[in-house]
Every structure is written in structure tokens, then in C-alpha cells.
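K.L.:
Sequence first, then the predicted structure, then my questions.
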Amino acid sequence: MPKPTIPALQPDHIRELQARYERALADNGYDSLLIASGAAPYRYRDDQAYVFQGFGPFLHWTGLAGQEHSWLLIRPGQTPVLWLYQPVDFWHANPELAEEPWQQVIEVRSRQQTSAPALEECGKLAVMGDPLVLEGVPGDHNPAALVAAVEETRVLKTPYEIECLAHANQIALAGHAAAREAFLAGESEFGINLAYQQATGQREAEAPYHSIIGLNEHAGTLHYQYYEVTPPGKPRSLLIDAGVRYRGYCSDITRTTAGVDDPKFAALVHGLDALQVRLCNMVAPGVDYVDIHRKAHQGIAALLSSSGLVSGLADDAIVERGITRVFFPHGIGHFLGIQVHDVAGKPTPAPADAPFLRLTRRLEEGMVVTIEPGLYFIPSLLEPLLSGADAQYVDTALLDELKGCGGIRIEDNVVVTATGARNLTRER
């Protein structure tokens with residue numbers, strides 16, 4: 001039997017959401033829920049708005065990332081109603097809405113007004129969305145318990161969601177391949193970004209996040225946000241963290257490429273890639289995600305030892321003394337979905353040895369996570385190490401040689417399956 005197309009999977013996804021939302025409404029004492037898509041606010045004393053990407057729960061149902069001023073009504077036992085803002089306007093074009101199977105399970109209405117629709121016979125109503133667009137709308141606005149319950153509905157992905165994420169990965173991988181070729185051809189950060197956008201066919205404003213493209217020492221800034229227009233004199237490294245949004249769903253992929261004349265750095269990239277694959281293979285139902293993070297630190301310690309960057313200490317001691325946190329300061333990853341850092345990841349606080357970890361749950365079938373170990377040479381983190389008692393264990397000459405490469409991060413998007421994992425980023 002042929003594999004269903006992604007649009008053909010969406011009606012079952014919506015039916016599953018209807019059941020999940022009905023339970024959430026009943027548990028929290030509500031009869032109906034109105035969800036606002038949101039709208040981009042205007043800059044202060046300006047006629048230009050910020051970039052708009054849509055409110056998470058609205059995207060969860062519709063996938064319509066660019067649809068402002070629209071509203072979705074959910075009621076138990078009734079067909080959801082979607083009001084799409086489609087004004088008659090000679091200034092702007094309305095987003096085109098192709099005919100797809102999901103419109104058979106959601107009633108779609110067009111309207112000219114930006115305000116919320118008038119509602120009747122909705123009982124006790126909750127309203128969710130950006131508070132800026134909810135002013136004057138009847139109902140309880142963003143009740144905390146219901147918001148938490150709705151966010152919980154996004155933890156386990158439906159088959160439709162997983163295929164959307166898989167497709168977003170495939171598009172982004174084409175961009176990463178183009179970015180690598182542009183780097184090896186001597187392009188600047190700006191030129192590499194253009195190559196990525198050209199290959200993915202997605203404007204930067206439509207992407208799920210601002211692409212991180214760092215050459216040489218810029219790769220050591222975790223969320224480096226600028227693009228140099230001039231190539232460096234000697235291109236030693238490229239770190240690109242970039243994704244694609246497809247039907248509202250995000251990919252989040254990072255790759256690091258060594259320059260042609262940096263064999264020591266290239267060996268570190270190869271070693272971290274092998275570690276990253278082992279960590280991805282740990283993903284399975286019942287695994288504590290925090291354990292994957294801790295296993296990453298053990299792997300980083302082994303890489304520091306084998307490369308000669310740190311010597312004279314056992315790997316366990318390198319971790320216990322906090323040396324790995326100097327080179328790998330962030331968490332191993334996070335949930336992924338219609339938000340890059342998807343919601344409901346931290347029902348408990350991050351442990352003291354992983355303060356920046358965004359996911360503290362035990363893994364279950366249907367979760368989608370990122371696995372992204374890193375190894376960086378960040379001056380502000382290295383300085384205390386090199387001025388302290390543990391400096392004796394660090395090969396400062398080798399470190400000085402590698403500092404100009406900035407750092408390494410490798411990131412895949414992984415689905416927890418019934419028996420293990422499906423790596424969406426390494427599928428061919």
C-alpha cells in the first residue's frame with residue numbers, strides 16, 4: 001500500500017487533537033476554547049511590524065504560520081470552526097489557501113474583521129493567545145492550568161507531525177549541503193547564508209529561527225547572530241545551525257565543517273560526530289533524557305583526553321572537576337515541534353550539573369528531541385580554567401592552535417519510536 005501523503009495524514013491528526021483538547025477542557029472545567037493566531041505588533045513610533053510566525057496552539061491545529069488575525073473555536077463533540085482573516089485589500093495579498101483534506105474536518109469561514117468573532121452557546125469559554133490581541137475578548141484569558149494542559153498535548157507527536165518534521169529536515173539538509181559547498185569555495189558568512197536560503201527556497205523571515213552561521217572564532221559564540229560580508233583571510237571552520245519551517249513544523253540542524261588545512265580540528269569534528277551518533281542511539285522509550293546529557297559529558301571528556309587537550313586526569317575526573325562544562329556549556333538538546341524549543345519540556349527543574357538543559361523528562365514513544373553535543377573554545381569560559389589549579393592539565397599550546405576555529409556542534413532531530421529511535425536528520 002502506498003505511503004499516505006502528508007496532507008492525507010492531517011485529518012487524523014486533527015481528530016486526535018480534538019480528543020486531547022476535549023480531555024483538557026473537561027479536566028479544567030471549560031466548555032469551549034477560542035484560540036487566536038496572533039498578529040505582529042508594530043514597532044514603536046513606526047509603521048513597520050515585527051516578523052510574524054503564529055501562536056503555537058493555532059499552528060498545532062492548522063499549520064498556517066503566516067495567518068494573522070484569525071481565530072479557531074474548539075468545542076467538545078462539535079466540528080472546530082476556523083475564522084480566517086481575508087480582507088479585500090489592495091495593499092497586501094492574502095495567504096493562498098489550497099484545498100486540502102483537513103478542510104473536511106474543520107469548518108472554514110472568511111471574515112474582514114481583525115477582532116474576535118461573536119460567539120453564542122459556548123458555555124464557559126477560555127481564550128488563548130497573545131494578550132495584545134485578546135483585549136476586550138470575552139472569556140477567561142490564558143488560564144494557567146488549561147495552558148499547561150494544552151501544552152502537554154504537544155508532547156507526543158502524531159504521525160502527521162512526525163512526517164512534517166521529517167520533510168522539514170530533508171529541505172534543511174539541502175541547505176546545509178549548499179552551505180558547506182559555499183564555505184569550501186571561500187564564501188563569507190553572508191554568502192553562505194544566501195546559499196542556504198537559495199537551496200531551501202525559504203526566506204529568512206519564514207524560517208523557524210535566525211540561522212547561526214559562524215566562521216572561525218565566531219563558531220565559539222553559541223547563538224552568533226551576525227553575518228560578515230567579507231570572507232576571513234583563512235577559512236578554518238564553519239558552524240551552521242539552521243532549519244526550515246514546513247506546515248508550521250521546524251527542523252533544527254547543526255553541522256560543523258573543518259577547513260582544508262586544519263587536520264587537528266577536523267579530527268575533533270570527526271570525534272564529536274561519532275559521539276553524537278552514539279548519543280542519538282541512546283534515544284528510546286524509558287530513557288531519562290538527563291542521562292543522555294550526562295553521557296555526553298563523559299564522551300566530551302574522552303575526546304579531550306584522546307586529542308591531548310586535557311591529560312593527567314581520568315575521564316571521570318575531567319567531568320567531576322567541571323572541565324567538560326568549560327568546553328560544553330549548554331544542554332544536550334530539547335523538544336522539537338511547531339516551536340524550535342517546543343513546550344512542556346521541563347516538568348521538573350534542570351539538575352545542578354546541567355543548569356541550561358531544556359528537557360528533563362523520561363522519553364516516551366512519539367516525543368521528538370534534538371541531540372546536539374558541542375565542544376567549544378570560548379575565551380570567557382576558558383579564562384577561569386587557565387588561571388586556576390586545573391590549568392596544569394590543559395595543553396595550552398594545542399588550545400591556542402585550536403581557538404581560532406571557535407568550536408563544534410552537531411545536531412540531529414530524533415523521534416522516539418516504540419523500539420528505539422528514528423533519526424530524521426540522517427535518513428536517506
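P.N.:
Everything's here; your move. Residues are numbered from 1 along each chain as shown.
K.L.:
Tell me where the stretch 251-400 of the chain has helices.
P.N.:
Secondary structure of the stretch 251-400 of the chain by DSSP state H, counting those that start in this stretch: the helices cover 263-280, 289-307, 315-320, 323-327, 379-386, 396-403.
K.L.:
mind giving me CSV with these and columns for mean pLDDT?
P.N.:
CSV is the format used below for those (pLDDT from 0 to 100):
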stretch, mean pLDDT
helix 263-280, 98
helix 289-307, 98
helix 315-320, 98
helix 323-327, 98
helix 379-386, 97
helix 396-403, 97
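K.L.:
so which of those helices comes closest to G139?
P.N.:
For those, proximity to G139 was assessed by CB to CB; helix 289-307 is nearest, at 35.8 Å. The C-beta positions use only the backbone N, C-alpha and C, and glycine is treated the same way.
K.L.:
packing partners for that closest one?
P.N.:
Contacts defined by 3 or more CB pairs under 8 Å, 6 or more residues apart in numbering; DSSP states H and E place helix 289-307 against helix 263-280, helix 315-320, helix 323-327, strand 374-376.
K.L.:
can you pull the buried residues of that helix?
P.N.:
Judged by neighbour count using 16 or more other CB atoms under 10 Å, the buried positions of helix 289-307 are 289-290, 292-297, 299-305, 307.
K.L.:
What is the nearest of those residues to R428?
P.N.:
Taking the buried residues of helix 289-307 together and measuring to R428 by CB to CB, the closest member is I292, at 23.9 Å.
K.L.:
Distance check, the residue nearest the centre of the chain against I292.
P.N.:
In the chain, the residue lying closest to the centroid (CA atoms, centre = their mean) is V340, at 2.1 Å. Remark: distance between V340 and I292 (CB to CB, to the nearest Å) = 19 Å.
K.L.:
Sketch out the low-pLDDT regions of the chain for me.
P.N.:
For the chain, the stretches flagged by pLDDT under 70 are 1-2.
K.L.:
Tell me how it divides into domains.
P.N.:
Here the chain is described, according to automatic domain parsing, as comprising the domains 6-152, 159-423.
K.L.:
any idea which of these is most buried?
P.N.:
domain 159-423 (a mean of 19; mean count of other CB atoms under 10 Å).
K.L.:
just so I have it, where are all the helices in the stretch 51-200 of the chain?
P.N.:
Secondary structure of the stretch 51-200 of the chain (DSSP H, counting those that start in this stretch): helices at 56-62, 131-134, 144-152, 159-184, 189-200.
K.L.:
Name the surrounding residues that touch the shortest one.
P.N.:
Meaning helix 131-134. Helix 131-134 has contacts (CB atoms under 8 Å, 6 or more residues apart in numbering) with A36, G38, A39, P41, H69, A116, V127, H141, N142.
K.L.:
and if we set it to 7 Å?
P.N.:
By CB atoms under 7 Å, 6 or more residues apart in numbering, the residues outside helix 131-134 that reach it are A36, G38, A39, P41, V127, H141.
K.L.:
So the first one sits against G129, correct?
P.N.:
Meaning A36. Yes. The pair A36 / G129 is scored as a contact, 2.9 Å apart, by CB atoms under 7 Å.
K.L.:
With that, I have no additional questions.
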